[in-house]
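Q: Make a model of this:
(2 chains)
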Amino acid sequence: MISKKTLGSIAWHLGALAIAVVVLYPGAWMLLSAFKPTNQIVGSVSLIPHDASFDNFRTALNGIAGVSFWRFFLNSVILAVGAVVGTVLSASVTAYAFARIDFPGRKLWFALMIGTLLLPFHVVIIPQYIIFNNLGLVDTMVPLLIGKFLAAEAFFVFLMVQFMRGLPRELDEAAFLDGAGHVRIFRSITLPLMKPVLATASIFAFIWSWNDFFGPLLYLKNSDLYPLPVALRLFVDQTSTSDYGAQMAMAVLALAPVIIFFLVFQRYLIGGVATTGLKG
Amino acid sequence: MKLTQKLSILITAGAVLATTVACGGGNDAGGDGATGTITFTWWGGDDRAVKYKEAIALFEAANPDIKVKTSFTDFPNYWTARSTEAAGRALPDVMQMDLSYLREYAENDHLADLSGLSDIDTSGFDEGQLNAGKVDEKLLGLSAGTNTFALFVNPAVVEKAGVEPLAEDYTWEDWNAWILDVQKAGAEQKGQPITATADYRGTLWIFIQWLVQKGVDPYTADGKIAFTQDHIKEFLALGDGPNQAKAFSSANRITQLKPKSPFLVSEQASELNWDNFTATYVTDMDTEIQLLPPPSGADGTKGMFWKPSMLLSVANNSERKVAAAKLTDFLLTDPEVGKIFGNSRGVPSNTAQREAVVSEEGSPDALTTAYEEAMTEHVTAETPVPIKGFGTLEATWLRLAEDLSYGKISNDEFVEQWWAEAEMATL
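A: Predicted coordinates:
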């Protein structure tokens, strides 16, 4: 005889499974639609393709208007890797200053930096655009990357400051007594201890940059420089013709690296968030 | 090497890079703006991009001292990017322009007067098309192709419903009666009821077409609304009959099918839309499509107008207006370019391009050309140039129309809410 507890557990799992199906359905729909002919995609909710083929992938890999898929892919990689490198380098140094160096006006600057978190991107975009345009940097990747190298991403600085505050100061002091300056302390003591939070920041920076649409849309004019999210939109145009199949195929190809990245670094991500004390 | 040193090298390298790039942007300035690199941008998909690239290759071959840098995105994002650039006075030299946005960009003086640019030959355009691109007597956009309303009919669905096809001289009342007939017939397509049309009140342009038929000018010369709230009420009341009988395609079904429509999946017998949708319908539906004129007004006239489907404009902030003018002229008047595009930008406005379009019998291009030729007698009205903020008003109209078809608001509430928004937008 099955006990009440087992029954409850089965019901609970079935419920969870049902919810998982609902949550995963759109993703599965996208994945399987990539194998369907274009005219069978929109308006159909069924998952199983009737005439499955790789045609959509072939179209997607051929690219758009003479620019190959790999070009878009490479652009996305450059932007994402640039964002990761920039963020890790600049945010960690900045966070060290905020967490460990008692310079005048530190509290004010910290508050101002947190304040920039509250500014919506759309508020600053026009002045930013004007500045980059006057500098002649529009249609290059500089506007999209320079902020990352200058620790303009307050979220990451904040994340790292919170993490550093949890590191015992005694370690720094011991190093200081041994004659180490700030550079040495940062490089030899703090940085190695920061691995979890650096991993977290890298993952977020990578995913955000990979999925960023609005920034590249504004700053990159030449289709040779488009990253994947912008390129994706080019398959569907209501005023002429739309190729939903190719769009789905490209969406799958575009998502694959993020998913792989997430799966590989998942434990760092969860570990990193848990150790920074940023809860809920 | 110490980290500080590494960092300072990195920063110096960054600064040097930034300066180099900055200089690179300014170096190729041409003397009189007739040579050098110009930028050109449009909205559209892969298909249009391939055509434009082909056309631009021809242009660059004919003008070896001008280089064209191109970019393109889809329609909604196109305007996001343009409005940011406009704020920075950094619009591309030549850009595709939509009639709905023309006045908005005109009011802030973003667009150059094309009649002042001698490289643009406007002789091959008829008066009406030139006027459609004019704001305050300045020619700010030159029409690439024309559209006009057409009632797309799917004869197979009409036959399935078992109703008489519409005659060409049908009126709005006849159409309403036909819509109810189709519903009464009760035919089904894959378990879904066949309807005659979606609620035609949902498109602001259809209301404008209806106004023009009544002889009402929708806008004043200085860009204000010239119709009244009573006009909107009268128009909304026109669709009350079929709406109360639930004879229009249901809002639920339309939402389910998005971005397709009941017409595209053969659940709907007709759809009133711009005639440049022919290509989309023919390719997506794989069935024969007929084009009828829109319903006639009370006095029996159709009062149709040619709407430029897209225009080309030159930015006022352009430093190479002469080169920009040459490109604009080439793209709009060169017969070879006409051949490349066919009717995909609308039936070409320019005579030389229109004559150059060769279309296969039965192709979408041939359908549209034949339709527009047949409609010439019905095109009796001037194109109403939309007022500033039209894009927003159009979107509000659509949103309120959805609420209306879900039964969330009444006709009077529709008028009240839309009017409030219109007053704000046109202040």
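
Q: model confidence over stretch A:111-123, on average?
A: Stretch A:111-123 shows a mean pLDDT of 87 in the predicted model.

Q: Buried residues in that stretch, which are they?
A: Residues of stretch A:111-123 classed as buried under the neighbour-count rule (16 or more other Cβ atoms under 10 Å in any protein chain shown) are A:Met113. Where C-beta positions appear, they are placed from N, C-alpha and C, glycine not excepted.

Q: tell me how far that stretch is from the chain's mean position?
A: 19 Å (Cα atoms, centre = their mean, to the nearest Å).

Q: Could you report the pLDDT at the residue in the stretch 51-200 of chain A positioned nearest to chain B?
A: Here the stretch 51-200 of chain A gets closest to chain B at one residue, A:Gly136, 2.8 Å apart by Cβ to the nearest Cβ. The score at A:Gly136 is 89. That number is its pLDDT.

Q: What count of nearby residues applies to it?
A: Neighbour count for A:Gly136, taken as other Cβ atoms under 10 Å in any protein chain shown: 18.

Q: Please report the distance of it from A:Val77.
A: The spacing between A:Gly136 and A:Val77, counted by Cβ to Cβ, to the nearest Å, is 25 Å.

Q: Okay, A:Arg100 and A:Val183: tell me how far apart.
A: Relative to A:Val183, A:Arg100 is positioned 12 Å away (criterion: Cβ to Cβ).

Q: Looking at the two, which has the bigger crowd around it?
A: Residue environment comparison for A:Arg100 versus A:Val183 gives the larger neighbour count to A:Arg100, 18 against 15, counting by other Cβ under 10 Å.

Q: What are the structural domain limits within chain B?
A: Under the assignment automatic domain parsing, the domains of chain B span B:32-145+B:309-370, B:149-306+B:381-426.

Q: Would you mind listing what in the stretch 151-300 of chain B touches chain A?
A: B:256-260, B:264-265, B:276, B:279-280, B:283-284, B:286 (Cβ under 8 Å from any Cβ of the partner chain).

Q: 6 Å - rerun?
A: Applying Cβ under 6 Å from any Cβ of the partner chain, one finds that the stretch 151-300 of chain B approaches chain A through B:Leu257, B:Lys260, B:Val265.

Q: Tell me the secondary structure at the last one.
A: It refers to B:Val265. For B:Val265, the assignment made with DSSP: H, G, I helix; E, B strand; the rest coil gives coil.

Q: Could you report the pLDDT at it?
A: Per-residue confidence (pLDDT) for B:Val265: 87.

Q: would B:Thr70 count as being in a strand?
A: Yes: when three-state DSSP is applied, B:Thr70 is found to be in a strand.

Q: partners of it in the sheet?
A: With DSSP bridges applied, B:Thr70 shows beta-bridge pairing to B:Phe40.

Q: Count the residues that sit near it.
A: Around B:Thr70 sit 19 other residues, with neighbours defined as other Cβ under 10 Å.

Q: Verify the contact between it and B:Phe40 for me.
A: Yes: the pair B:Thr70 and B:Phe40 qualifies as a contact (Cβ atoms under 6 Å) at a distance of 5.2 Å.

Q: Name every strand pairing with the host helix or strand of B:Val314 and say which way it goes.
A: When secondary structure is defined by DSSP states H and E, B:Val314 falls within strand B:307-314. Each strand that pairs with strand B:307-314, with its direction, by DSSP bridges: strand B:94-97 (antiparallel), strand B:142-147 (antiparallel).

Q: which residues are in contact with that strand?
A: For strand B:307-314, contacts defined as Cβ atoms under 6 Å, 6 or more residues apart in numbering or on different chains pick out B:94-97, B:99, B:111-112, B:132-133, B:140-145, B:147, B:276, B:324, B:328, B:345-346, B:383.

Q: Tell me who's in contact with B:Ala86.
A: Going by Cβ under 6 Å, 6+ apart, B:Ala86 touches B:His110.

Q: In terms of helix, strand or coil, where does it fall?
A: Using three-state DSSP, the three-state assignment for B:Ala86 comes out as helix.

Q: pLDDT wise, what is it at?
A: Confidence per residue is given as pLDDT, and for B:Ala86 that number is 91.

Q: Report how many residues lie close to residue 266.
A: Going with chain A. Residues near A:Gln266, counting by other Cβ under 10 Å, number 11.

Q: think we crossed wires, I meant chain B
A: Summarising burial for B:Ser266: neighbours were counted as other Cβ under 10 Å, giving 18.

Q: Tell me if I'm right that it and B:Val157 touch.
A: Yes: counting by Cβ under 6 Å, B:Ser266 touches B:Val157, with 5.5 Å between them.

Q: mind showing which ranges of the stretch 51-200 of chain B have poor pLDDT?
A: Flagging of the stretch 51-200 of chain B using pLDDT under 70 yields an empty set of residue ranges.

Q: Which parts of it are strands?
A: Secondary structure of the stretch 51-200 of chain B, counting by DSSP state E, counting those that start in this stretch: strands at B:66-73, B:94-97, B:134-135, B:138-139, B:142-147, B:149-153, B:188-189, B:192-193.

Q: got a pLDDT number for A:Ile126?
A: In the predicted model, A:Ile126 carries a pLDDT score of 86.

Q: Go ahead and list the helix or strand containing it.
A: Mapping A:Ile126 onto the secondary structure by DSSP H and E places it in helix A:121-134.

Q: That helix near chain B at all?
A: Yes: under the criterion of Cβ under 6 Å from any Cβ, helix A:121-134 makes contact with chain B via A:Ile126, A:Tyr129, A:Ile130, A:Asn133.

Q: Excluding covalently adjacent residues, which one is nearest to the third one?
A: On the basis of Cβ to Cβ, 6 or more residues apart in numbering or on different chains, the spatially nearest residue to A:Ile130 that is not a chain neighbour turns out to be B:Gly88, at 4.0 Å.

Q: Tell me who's in contact with the one you found.
A: A:Tyr129, A:Ile130, A:Asn133.

Q: From A:Leu220, how far off is it?
A: B:Gly88 sits at a distance of 15 Å from A:Leu220 (criterion: Cβ to Cβ).

Q: what do you get for B:Ser266?
A: Counting by Cβ to Cβ, the gap between B:Ser266 and A:Leu220 amounts to 41 Å.

Q: before we move on, what about B:Lys246?
A: 48 Å.

Q: can you check B:Tyr170 too?
A: 50 Å.

Q: Kindly report the same for A:Ala83.
A: Counting by Cβ to Cβ, the gap between A:Ala83 and A:Leu220 amounts to 15 Å.

Q: Run a quick neighbour tally on B:Tyr52.
A: B:Tyr52 sits with 24 neighbouring residues when counted by other Cβ under 10 Å.

Q: residues in contact with it?
A: Applying Cβ under 6 Å, 6+ apart, we find B:Tyr52 in contact with no residue.

Q: Give me every residue in the stretch 1-150 of chain A lying close to chain B.
A: The stretch 1-150 of chain A has residues A:Val42, A:Gly43, A:Ile64, A:Ala65, A:Ile126, A:Tyr129, A:Ile130, A:Asn133, A:Leu135, A:Gly136, A:Thr140 near chain B, with proximity defined as Cβ under 6 Å from any Cβ.

Q: Please pick the buried ones from those.
A: Among the residues of the stretch 1-150 of chain A next to chain B, those buried by neighbour count (16+ other Cβ under 10 Å) are A:Val42, A:Gly43, A:Ile64, A:Ala65, A:Ile126, A:Tyr129, A:Ile130, A:Asn133, A:Leu135, A:Gly136, A:Thr140.
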